[in-house]
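Student: Provide a 3D model corresponding to the input given below.
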Amino acid sequence: MQDASLVELLDRSASAIFALALIDGFRTLWFDQAGGPQSRSLVTEGLFGVVEELGLSTDRLALYGWGTGGFGVLGLAVELGIERVAAVGSLAPAIFPDWEFVPGYYHSQEEWQAHDPHLLLDELSRFPLRIDCGSGDPFANEVERFRNAFDPPPEGAVDPGCRDYRYWHKKHPLMLEFLLERLSSR
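Tutor: Numbers count the residues shown, from 1 in each chain. Predicted coordinates:
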């Protein structure tokens, strides 16, 4: 889908009332770390609080993240539940094959194991889910393994591309289309 198609998609959705809120967690994995960043709380308390102060509801959501955010939305969806989350989009999720894959993210092997998204497969399989990753992405093998653990696999693909803006830019409109369709049909 080209940028013009994204504008057309958003124009078609103009009659739907929704808000798009973004947050940058930089180098966090979007779970509250003991003695570290409280990233999930930044979303559930901080961002949701601001959105609600604006008079908007957070009762029905579509979640989307890329990179570490793509990892984070998987756990956040399970925490918030299927009644509240209409769909989940995960682009190039940072799913680590071991705790030292990228030094500095996990404090210990136990922390990595406690937040392994493979532990969430049964719960995540209840959500409309799209997972995309470029085959040249350093996380591609683990993302492919994660995708293949679902039966059937989620929408999306591990396809040609890298962990860069060119790949992400190509996937953003597809991901937004997926999320908007599910958010408006629920």
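Student: what's the span of stretch 117-124 from first residue to last?
Tutor: End-to-end distance for stretch 117-124, by CA to CA, to the nearest Å: 9 Å.
Student: from the middle of its chain, how far away would that stretch be?
Tutor: 14 Å (CA atoms, centre = their mean, to the nearest Å).
Student: can you tell me the average pLDDT over it?
Tutor: Mean pLDDT, computed over stretch 117-124, is 94.
Student: mind listing what's buried in it?
Tutor: Residues of stretch 117-124 classed as buried by neighbour count (16 or more other CB atoms under 10 Å): 117, 120, 124. Every residue, glycine included, has its C-beta placed from N, CA and C.
Student: Make JSON lines out of those residues and add distance to Gly70 and secondary structure.
Tutor: What follows is these, written out as JSON lines (distance: CB to CB, whole Å; DSSP: H, G, I helix; E, B strand; the rest coil):
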{"residue": "Pro117", "distance to Gly70": "10", "secondary structure": "helix"}
{"residue": "Leu120", "distance to Gly70": "14", "secondary structure": "helix"}
{"residue": "Leu124", "distance to Gly70": "13", "secondary structure": "helix"}
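Student: Which of these sits closest to Phe101?
Tutor: Pro117 (13.8 Å; CB to CB).
Student: Apart from its neighbours in sequence, what residue is nearest that closest one?
Tutor: Leu74 (4.8 Å; CB to CB, 6 or more residues apart in numbering).
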